[in-house]
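Asks: Give me the fold of what follows.
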Amino acid sequence: MVYSSYSDNELVDLLKSGDQIAYTEIYHRYWKKMLLIGWNHTKDKALTEDIVHEVFLNLWEKRNDIQILNIGGFLTTCIKFSIFKNYQRQQRREILARENYLFSENTSNEEELDALFLKEFLDGIVEQLPEKCKLTFQYSRAMGLSNAEIANRMNISEKGVEANLTRALKIIKGGLKRHGVLILLSTPLLHDLLK
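Replies: Purely as a prediction, here's the structure:
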């Protein structure tokens with residue numbers, strides 16, 4: 001079988017069935033891009049390599065537990081999530097060393113990091129949405145347009161707008177839940193975006 005000619009979706013289907021060659025092909029297609037994304041965020045070669053290795057290892061180990069609509073978007077989101085968690089751990093270590101007491105979970109610094117992560121993480125999930133859902137969500141949440149305005153722009157009915165928003169929110173909530181983010185981040189920003 002010539003795996004290099006397979007589409008990403010075909011490779012993901014094979015991956016879910018435990019096909020190691022499909023997994024290797026996904027790795028070869030995306031590892032350089034993931035290293036570049038990691039490097040752009042960390043500027044640390046060794047750390048970036050560790051994070052990319054961890055993300056691909058988790059992809060294999062959790063292949064039956066995750067829903068992947070777009071492997072490139074999924075891996076990008078995982079890289080950003082791992083970088084954020086590493087950054088958060090590093091910030092905690094620095095504060096502990098500097099102030100020599102237990103880190104408070106309620107500091108504004110923690111809230112700022114959570115908000116930054118949430119935006120990056122949501123952006124990654126939104127990028128994976130089907131095109132109409134993505135556009136509807138962006139018009140609604142990013143631009144603050146009403147359903148009537150969105151319907152007019154997209155040349156669809158208001159019911160169609162509602163259906164797209166409902167589907168987008170369901171996919172986003174599912175993505176957040178799968179990665180434990182709904183538990184990790186119960187911020188007002190999350191509530192506003194998903195209401």
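
Asks: how far away is the closest residue to Arg153 other than its chain neighbours from Glu120?
Replies: Taking CB to CB, 6 or more residues apart in numbering as the measure, Arg153 lies nearest to Tyr139, with 6.5 Å between them; neighbours along the chain are not counted. (C-beta placed from N, C-alpha, C; glycine too.) Look at Tyr139 and Glu120: by CB to CB, to the nearest Å, they are 21 Å apart.

Asks: which of the two has more neighbours?
Replies: Higher neighbour count among Tyr139 and Glu120: Tyr139, with 21 against 16, using other CB atoms under 10 Å.

Asks: Wait, the more buried one touches Asn147, no?
Replies: No - with contacts defined as CB atoms under 8 Å, Tyr139 does not count as touching Asn147, sitting 9.4 Å away.

Asks: Where does the residue nearest the centre of the chain fall, secondary structure wise?
Replies: Most central residue of the chain, judged by C-alpha distance to the mean C-alpha position with CA atoms, centre = their mean, is Thr77 at 3.2 Å. Element membership of Thr77 [criterion: DSSP states H and E] is helix 71-99.

Asks: got it, and Leu59?
Replies: Taking DSSP H and E as the definition, one finds Leu59 inside helix 45-61.

Asks: What distance do you get for the residue nearest to Arg153 to Asn152?
Replies: Tyr139 sits 10 Å away from Asn152, taking CB to CB as the criterion.

Asks: swap in Asn58?
Replies: Separation of Asn58 from Asn152 (CB to CB): 43 Å.

Asks: again, but for Arg141
Replies: Computed as CB to CB, the Arg141 to Asn152 distance reads 18 Å.

Asks: do the same with Ala46
Replies: For Ala46, the distance to Asn152 - CB to CB - is 52 Å.

Asks: do Trp31 as well
Replies: To Asn152, Trp31 is 44 Å away according to CB to CB.

Asks: Which residue of these two possesses the greater neighbour count?
Replies: Neighbours per residue (other CB under 10 Å) separate Trp31 from Asn152, with Trp31 holding more: 16 against 13.

Asks: what's the helix or strand for the more buried one?
Replies: Following DSSP H and E, the helix or strand that holds Trp31 is helix 20-42.

Asks: from the middle of its chain, how far away would that helix be?
Replies: Counting by CA atoms, centre = their mean, to the nearest Å, helix 20-42 is centred 15 Å from the centre of its parent chain.

Asks: Over it, what's the mean pLDDT, rounded is fine.
Replies: The average pLDDT within helix 20-42 is 92.
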